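Undergrad: Turn this into a structure:
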Amino acid sequence: MSVLEMKVPSPGESITEVEIATWLVKDGDYVEKDQPIAEVDSDKATLELPAEQSGIITLKAEEGDVVQVGQVVCLIDMDAARPEGASTPAAEAEAPKQEEAPKAAEPAKQEAPKPAAPAPAPQTYATGAPSPAAKKILDEKGIEAGQVSGSGRDGRITKTDAELAAVPALGGSPSTATGARTTTTTKLSVLRRKIASRLVSVKNETAMLTTFNEVDMSEIFRLRKLYKEEFAQKHGVGLGFMSFFTKAVTRALQMYPDVNASIDGDYKINYDFCDISIAVSGPKGLMVPVLRNAENMSFAGVEANIKDLATKVRDGKITVDEMTGGTFTITNGGTFGSMLSTPIINPPQSAILGMHNIIQRPVAVDGQVVIRPMMYVAMSYDHRIIDGKESVGFLVAVKEGIDNPVELLMGGDERKGLGL
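TA: Below you'll find the model as predicted:
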């Protein structure tokens, strides 16, 4: 018998373990070569695990297990033939629905001649003892074990049962709440746990400060209105806000190189390239794919690369390499309606720019009050290597690029600057 041992592949050089997030097949299923059989979470991304060969699969790890890179997680019997009439997973999922209908009708036929039974009690109580963890929780809540229904073996009260148990009202009278009061407890994915750990470490290990400014989006609105159709026709992508901000940021980074640096122990590392991390919201959380050498990209190049990376994030196809590195991050909370925020640095980077929503506001221009589309921008930075002068100067340089994009970002020729 030829049996293939499927091992966890390495998602990247710095990753040594992953978590089995979801098995997409069941033990004993027949799988086809390259069929996705599992989703695994690393500390950087969620990846699909494809079957290396066709055959009958035997699972060797459970959902939620943390496994080492190179560890065997399943076996595939390659000699096994595809079962005749074997259905697809989608068809199998529908099968129980077809069988449930007649079964549901049987009890009704059997109970029809019987006299009506008295209504059941609103709740049954288990006589099983609570586990040590459950007992501690019940004691803290002041709940007697006999008042809790146990879901464990022989009615044993589990930790989850204790966590879900409602605290009785004063005097022992039933609660008067009438709405649903269920709770759901789920384990954080290894990706979410890693993000949480990194965010806390940033707050604890950096001297993070935030400086603010505002930008006038009038010129960008004008350029997009005037050229968006021609730009899309020629380049195949839309002319969005992110290309303007990316170009403004790379210009400012070259003016203030310490913002484009990181700390490594007692050393400062300066980069002569601008790898811009773009925060993208995906089904597994916020991801930060990287635009490599963004300082050399055209407007169309920035837009095309952002579109490609964002699509990969939302489809769950982004790779670890595409999110590794980055010297500076841009995040746009304005897409969700945020007016102002203090973004958290993406380590080991030393600074991050936060964009926000655009609001028509009255502003003073040449002694006159006019209505302009305005946006607040925020820059959080590590004060250990970036001084206040550099941080403020950098953000002013970004503001200047957005306020006056034709002169500062397009070389004075808006059509040529947009590649038209």
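Undergrad: other SSEs contacting the strand ranked longest in the chain?
TA: Taking residue count as the measure and DSSP state E as the definition, the longest strand of the chain comes out as strand 368-382. The helices and strands touching strand 368-382, judged by 3 or more C-beta pairs under 8 Å, 6 or more residues apart in numbering; DSSP states H and E, are strand 208-216, helix 218-235, strand 351-355, strand 358-365, helix 388-403. To be clear about C-beta, it is placed using only N, CA and C from the backbone, and glycine gets the same treatment.
Undergrad: remind me which residues of the stretch 1-150 of the chain are low pLDDT?
TA: Scanning the stretch 1-150 of the chain for pLDDT under 70 picks out 1, 11-14, 43-45, 84-128.
Undergrad: and if we set it to 90?
TA: Counting by pLDDT under 90, the stretch 1-150 of the chain contains low-confidence residues at 1-24, 26-28, 33-54, 60-71, 73, 77-150.
Undergrad: those helices in it, which residues are they?
TA: Read by DSSP state H, counting those that start in this stretch, the stretch 1-150 of the chain holds these helices, from start to end of the chain: 89-111, 132-141.
Undergrad: And stretch 193-208, what's buried?
TA: Taking 16 or more other C-beta atoms under 10 Å as the neighbour-count basis, stretch 193-208 is seen to contain the buried residues I195, V202, T206, M208.
Undergrad: any idea where the helices of the stretch 151-300 of the chain begin and end?
TA: When assigned using DSSP H, counting those that start in this stretch, the helices of the stretch 151-300 of the chain occupy the ranges 159-164, 190-205, 218-235, 241-255, 299-314.
Undergrad: and the longest one, average pLDDT?
TA: The average of the pLDDT scores along helix 218-235 is 93.
Undergrad: Quick check: buried residues in stretch 247-258?
TA: Judged by neighbour count using 16+ other C-beta under 10 Å, the buried positions of stretch 247-258 are K247, A248, V249, T250, R251, A252, L253, Y256, D258.
Undergrad: ok, residues contacting that stretch?
TA: Applying C-beta atoms under 8 Å, 6 or more residues apart in numbering, the contact partners of stretch 247-258 are 259-260, 268, 270, 274, 276, 294-295, 299, 302, 327-328, 330, 350, 353, 385-387, 390, 393-395, 397-398, 400-402, 405, 408-409.
Undergrad: what's the answer for stretch 31-50, then?
TA: Taking C-beta under 8 Å, 6+ apart as the criterion, the residues outside stretch 31-50 that touch it are 6, 8-9, 11-12, 15, 17-25, 51-57, 73-74, 76, 189-191, 193-194, 284, 287, 316, 318-320, 323-324.
Undergrad: Keeping just the C-alphas, turn it into CSV.
TA: As requested, C-alpha coordinates have been extracted for stretch 31-50 and formatted as CSV (Å, rounded to 0.1, in the frame of the first residue of the first chain):
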residue,chain,number,x,y,z
VAL,A,31,-9.5,13.8,-2.1
GLU,A,32,-8.2,14.9,-5.4
LYS,A,33,-4.6,16.1,-6.0
ASP,A,34,-4.3,19.9,-5.4
GLN,A,35,-7.7,20.0,-3.7
PRO,A,36,-7.7,22.3,-0.7
ILE,A,37,-7.9,20.1,2.4
ALA,A,38,-7.2,22.6,5.2
GLU,A,39,-6.7,26.2,6.2
VAL,A,40,-3.7,26.8,8.4
ASP,A,41,-2.9,30.0,10.3
SER,A,42,0.6,31.3,10.8
ASP,A,43,1.5,34.4,12.6
LYS,A,44,1.5,36.3,9.3
ALA,A,45,-1.3,34.9,7.2
THR,A,46,-3.9,32.2,6.7
LEU,A,47,-2.9,29.7,3.9
GLU,A,48,-4.6,26.8,2.2
LEU,A,49,-3.1,23.4,2.4
PRO,A,50,-3.6,21.4,-0.9
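Undergrad: now that stretch, how far from the centre of its chain.
TA: 17 Å (C-alpha atoms, centre = their mean, to the nearest Å).
Undergrad: Please indicate which of the contacts of stretch 31-50 are buried?
TA: 6, 8, 11-12, 15, 18-21, 23, 25, 51-57, 73-74, 76, 189-191, 284, 287, 316, 318, 320, 323-324.
Undergrad: Now, the contacts of stretch 31-50 that are in strands?
TA: Among these, the members that lie in strands (by DSSP E) are 6, 17-23, 55-57, 73-74, 76, 287.
Undergrad: Report the two of those separated the most.
TA: In terms of C-beta to C-beta, the ones in strands among the contacts of stretch 31-50 reach their longest pairwise distance at I56 and M287, which sit 35.2 Å apart.
Undergrad: Tabulate the helices and strands packed on strand 368-382 (a markdown table), appending distance to I137.
TA: Written out in a markdown table, the entries for these read as follows (distance: least, C-beta to C-beta, whole Å):
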| stretch | distance to I137 |
| --- | --- |
| strand 208-216 | 37 |
| helix 218-235 | 55 |
| strand 351-355 | 40 |
| strand 358-365 | 47 |
| helix 388-403 | 47 |
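Undergrad: most neighbours per residue, which of these?
TA: strand 351-355 (a mean of 25; mean count of other C-beta atoms under 10 Å).
Undergrad: what's the closest non-adjacent residue to K159?
TA: Excluding the flanking residues, the one nearest K159 by C-beta to C-beta, 6 or more residues apart in numbering is A133, at 4.3 Å.
Undergrad: The one you found touches A162, doesn't it?
TA: Yes - distance between A133 and A162: 7.5 Å, which falls inside the contact criterion (C-beta atoms under 8 Å).
Undergrad: When those two are compared, which one has more neighbours?
TA: Under the neighbour definition other C-beta atoms under 10 Å, A133 and A162 were set side by side, and A162 has more, 23 against 14.
Undergrad: Tell me who's in contact with that one.
TA: Here A162 is in contact with P130, A133, A134, K135, I137, L138, K141, I143, V148 (C-beta under 8 Å, 6+ apart).
Undergrad: distance of it from V406?
TA: A162 sits 65 Å away from V406 when distances are taken as C-beta to C-beta, to the nearest Å.
Undergrad: Equivalent analysis for A232, please.
TA: A232 is 20 Å from V406, by C-beta to C-beta.
Undergrad: Same question for stretch 77-86: list its buried residues.
TA: In stretch 77-86, the ones that count as buried by 16+ other C-beta under 10 Å are D77, A80.
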